[in-house]
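*Asks:* Here is a sequence with its predicted model. Questions after.
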Amino acid sequence: MGITAIGVAVIASQRSSSVGWLLCWIGEAALAIAIAVWTTYTKARETGTAVLSGPGRRFAYSFAPPLIVGVLITLLLIRIGSLAYAPGVWLLLYGTAVVAGGAFSIRIVPLMGLCFMVLGAIALFCPSNWGNALLGVGFGGLHILFGAVIARKYGG
């Protein structure tokens, strides 16, 4: 997911319209969800556990609400014509989702969520033209960094 996010950050930064920019990031969100579902399913199958077992279900129930809020706020930002705040909102709410869902996971997962939240707070108060870079650092860099640590220390 991190690699595709970095690629989309580069592609989205070259879009001249906010609609084109938004479509790039919506496409990345769909791709990231597909990757997450596939990898989760694969790991569950390898370990012989059900994806929506107790911990998996609790993770999903905790993770989903902040993402739904993110979709609703994005629709509001579109309506008022101010997508400049979207990167900060997305990073903050994704971080919130990771912290909440990570309460049912290994300790490093909530830490990753806090890093997303800090980056989102920074994005809210930085110049709007930094948005793609901050999204790339967050959804790209943080996923790669924490993914590598999780894979090395916890087996994936």
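*Replies:* Received it, and whenever you're ready, just let me know what you need.
*Asks:* any idea which element the residue nearest in space to the middle of the chain lies in?
*Replies:* The centre of the chain sits closest to Tyr94, judged by CA atoms, centre = their mean, with a distance of 4.9 Å. Per DSSP states H and E, Tyr94 falls inside helix 86-102.
*Asks:* How about His143?
*Replies:* helix 143-154.
*Asks:* Distance from the chain centre to that helix, please.
*Replies:* 15 Å (CA atoms, centre = their mean, to the nearest Å).
*Asks:* got the angle for that helix vs helix 86-102?
*Replies:* On the basis of axes from the mean of the first three to the mean of the last three CA atoms, to 10 degrees, helix 143-154 is oriented at 20 degrees to helix 86-102.
*Asks:* Now do the helix holding Tyr94: everything it contacts.
*Replies:* 22, 25, 59-60, 62-67, 69-70, 73-74, 77, 109-110, 112-125, 130-132, 134-135, 138-139 (CB atoms under 8 Å, 6 or more residues apart in numbering). All C-beta spots, glycine's among them, are computed from the backbone N, C-alpha and C.
*Asks:* Show the subsequent helix or strand relative to that helix.
*Replies:* helix 108-125.
*Asks:* Just give me how far that following helix sits from the chain centre.
*Replies:* On CA atoms, centre = their mean, the centre of helix 108-125 falls 10 Å from that of its chain.
*Asks:* What residues of it count as buried?
*Replies:* 109-110, 112-113, 115-117, 119-120, 122-123 (16 or more other CB atoms under 10 Å).
*Asks:* other SSEs contacting it?
*Replies:* When contacts are defined as 3 or more CB pairs under 8 Å, 6 or more residues apart in numbering; DSSP states H and E, helix 108-125 packs onto helix 86-102, helix 131-135, helix 143-154.
*Asks:* Now do the last one: which elements does it pack against?
*Replies:* For helix 143-154, the elements it packs on are helix 2-13, helix 108-125, judged by 3+ CB pairs under 8 Å, 6+ apart.
*Asks:* so which of those helices comes closest to Thr47?
*Replies:* Of all the helices and strands packed on helix 143-154, it is helix 108-125 that lies closest to Thr47, at 17.3 Å by CB to CB.
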